[in-house]
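Colleague: starting from these lines, generate the structure:
(one chain, ligands or ions: 2)
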Amino acid sequence: MDDQKTNNNSDLNKQTEVRHQQKFKQRHKYHKPQHNEKQTNIQVSKPEYFLSIIIPAYNEAESFKELYEKIKATITTLNCKYEIIIIDDGSTDNSIEVLKEIRAHDNRVKIISFRRNYGKSAALSVGFEKAKGDIIVTMDADLQDDPAEIPNLLKEIKNGKDMVSGWKKKRFDPITKTIPSKFFNFVTSKLTGIPLHDFNCGLKAYRKEVVKEMELYGELHRYIPVLARWKGFTVSEVVVQHHPRKYGKTKFGIGRFWKGFLDLLTILFTTRYLQRPLHLFGFWGLIFALVGFIIDAYLVVEWCLGLTALSQRPLFLAGVLLIIIGVQFISIGLIGEMITKTRETRKEYSIKEIIK
Ligand SMILES: Nc1nc2c(ncn2[C@@H]2O[C@H](COP(=O)(O)OP(=O)(O)O)[C@@H](O)[C@H]2O)c(=O)[nH]1
Ligand SMILES: [Mg+2]
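Modeller: Ligands and ions are numbered 1, 2, ... in the order given. You can find the predicted model right below:
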């Protein structure tokens, strides 16, 4: 009898234990935060969101361990589930060995290793595609960006922004980089109408919808805020701490500036006029042709009245030139329209939500 009782008791204990375990699992299961849900304090068991940190890297082996430790130190103060995706872009140093070492004791670190160097945009693009998080943070691998700033970026996202860019207000880079960069940021801001001070800061945070719609190629990573804003996402910036480069050297030489400006042309053209090239070319074509026509018409009237000989008026040639350029512009615009019409139509719009 006593034996049976003990058996029953131990069965009961087991059942209770299983129930407890199930409850524990349930509690720890990742859950999506609801809009009206109150933010809980740090270090509670239920993760509020899933954070993906994406780090494009090219020959930064010396930095990884320190970077990883710093990220961990910050991230453990946040109440989130996380993954760290490092894209080793065909590095020729021992990056991959160091990364594998880190990965060996933390499987939240994911490594994507490219066969050759494809560039930062390609690396970010793959990172964006693979990221599983609700919120995505990108940062440089060279310890110039400070992981301790991540919570400040997240605060902005929680305040409702779709994307937040860091602003390296006090920048620790050589003057040959900071001055052209200021100019570049000023021009980009004026031409695009986006009031940011630091378009190309490596440290940025996004809602997942933003990165899943981002199409990066070439070196367009410099213009992510422009692309995001163009799709209709809200973009803001926060001042972030910047550090001097500790190891290795910069991967972007002086060539970055002229490439950057050509890319700006691409961005301006493709965001505004891709679907209506005639509006750009046709407008300028008409202006040129009209000015040329007015000049020549005036000279022809003078010639008819016997006031001037056209051979004496070089302005006549300028008028002819303007008419030719104008007609060419209009023709280019029309050809552009034809290409746009025959091109396979890609999704050119971004839907926030569908309410049925
Ligand atoms: N994936 C990838 N990352 C790169 C490449 N070039 C630079 N990076 C990374 O981009 C970040 C910024 O590069 P860095 O050379 O420090 O540029 P700077 O800070 O503007 O001088 C660093 O994390 C680099 O490792 C590249 O070709 N591919
Ligand atoms: Mg750097």
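Colleague: grab the nearest non-local neighbour of residue 68.
Modeller: residue 102 (5.3 Å; CB to CB, 6 or more residues apart in numbering). From N, CA and C alone the C-beta is placed, and that goes for glycine too.
Colleague: go ahead and confirm that neighbour touches residue 66.
Modeller: No. Applying CB atoms under 8 Å, one finds residue 102 not in contact with residue 66, separated by 11.0 Å.
Colleague: who has more neighbours, those two?
Modeller: Higher neighbour count among residue 102 and residue 66: residue 102, with 17 against 12, using other CB atoms under 10 Å.
Colleague: from ligand 2, how far out is the more buried one?
Modeller: Distance, residue 102 to ligand 2, by CB to the ion, to the nearest Å: 20 Å.
Colleague: part of a strand, is that residue?
Modeller: No. Looking at residue 102 with DSSP: H, G, I helix; E, B strand; the rest coil, it is helix, so not inside a strand.
Colleague: ok, it - contacts?
Modeller: 64, 65, 68, 109 (CB atoms under 8 Å, 6 or more residues apart in numbering).
Colleague: give me the element the first one is part of.
Modeller: Here residue 64 sits within helix 64-75, counting by DSSP states H and E.
Colleague: what angle do the next helix or strand after that helix and helix 64-75 make?
Modeller: Sequence order places strand 80-88 as the next helix or strand after helix 64-75, per DSSP H and E. Between strand 80-88 and helix 64-75, the angle comes out at 160 degrees (axes from the mean of the first three to the mean of the last three CA atoms, to 10 degrees).
Colleague: packing partners of strand 80-88?
Modeller: strand 49-57, helix 64-75, helix 95-105, strand 109-113, helix 120-130 (3 or more CB pairs under 8 Å, 6 or more residues apart in numbering; DSSP states H and E).
Colleague: pick the most buried one from the ones you listed.
Modeller: strand 49-57 (a mean of 24; mean count of other CB atoms under 10 Å).
Colleague: in its sheet, what does that strand sit against?
Modeller: The strands beside strand 49-57 in its sheet (DSSP bridges) come out as strand 80-88 (parallel), strand 135-138 (parallel).
Colleague: next, format those as a markdown table and append distance to residue 165 and mean neighbour count.
Modeller: Shown next, in a markdown table, are those (distance: least, CB to CB, whole Å; neighbours: other CB atoms under 10 Å):
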| stretch | distance to residue 165 | mean neighbour count |
| --- | --- | --- |
| strand 80-88 | 19 | 22 |
| strand 135-138 | 10 | 27 |
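Colleague: show me the one of those that comes nearest ligand 2.
Modeller: strand 135-138 (13.0 Å; CB to the ion).
Colleague: C-terminal to the closest one, which secondary structure element comes first?
Modeller: That would be, after strand 135-138 and using DSSP H and E, helix 150-158.
Colleague: for that following helix, buried residues please.
Modeller: Neighbour-count burial for helix 150-158 flags 150, 152, 153, 154, 156, 157 (criterion: 16 or more other CB atoms under 10 Å).
Colleague: after it, which helix or strand is next?
Modeller: strand 163-167.
Colleague: which elements pack onto that next one?
Modeller: Against strand 163-167 (3+ CB pairs under 8 Å, 6+ apart) you get helix 150-158, strand 204-207, helix 224-231, strand 235-239.
Colleague: could you redo the last one with a cut-off of 10 Å?
Modeller: strand 135-138, helix 150-158, strand 204-207, helix 208-212, helix 224-231, strand 235-239 (3 or more CB pairs under 10 Å, 6 or more residues apart in numbering; DSSP states H and E).
Colleague: what about stretch 244-257, distance to the chain center?
Modeller: Put simply, stretch 244-257 sits 19 Å off its chain's centre (CA atoms, centre = their mean, to the nearest Å).
Colleague: do that stretch and ligand 1 meet?
Modeller: Yes. Stretch 244-257 reaches ligand 1 (CB under 6 Å from any ligand atom) through 250, 251, 252.
Colleague: now do the buried residues in the strand or helix carrying residue 301.
Modeller: Remark: residue 301 resides in helix 277-304, with elements defined by DSSP H and E. Residues of helix 277-304 classed as buried: 277-278, 280-282, 285, 288-289, 291-292, 295-296, 299, 303 (neighbour count, 16+ other CB under 10 Å).
Colleague: domain-wise, how is the protein divided?
Modeller: Using automatic domain parsing, the domain parsing of the chain gives 49-272, 277-342.
Colleague: which stretch among those domains comes nearest residue 355?
Modeller: domain 49-272 (16.1 Å; CB to CB).
Colleague: measure that closest one end to end?
Modeller: 35 Å (CA to CA, to the nearest Å).
Colleague: tell me the mean pLDDT over it?
Modeller: The average of the pLDDT scores along domain 49-272 is 94.
Colleague: do the same with stretch 311-320
Modeller: Mean predicted confidence for stretch 311-320 is 92.
Colleague: please produce JSON lines containing the helices and strands packed on strand 80-88, extended by distance to residue 183.
Modeller: JSON lines is the format used below for the helices and strands packed on strand 80-88 (distance: least, CB to CB, whole Å):
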{"stretch": "strand 49-57", "distance to residue 183": "25"}
{"stretch": "helix 64-75", "distance to residue 183": "30"}
{"stretch": "helix 95-105", "distance to residue 183": "33"}
{"stretch": "strand 109-113", "distance to residue 183": "34"}
{"stretch": "helix 120-130", "distance to residue 183": "21"}
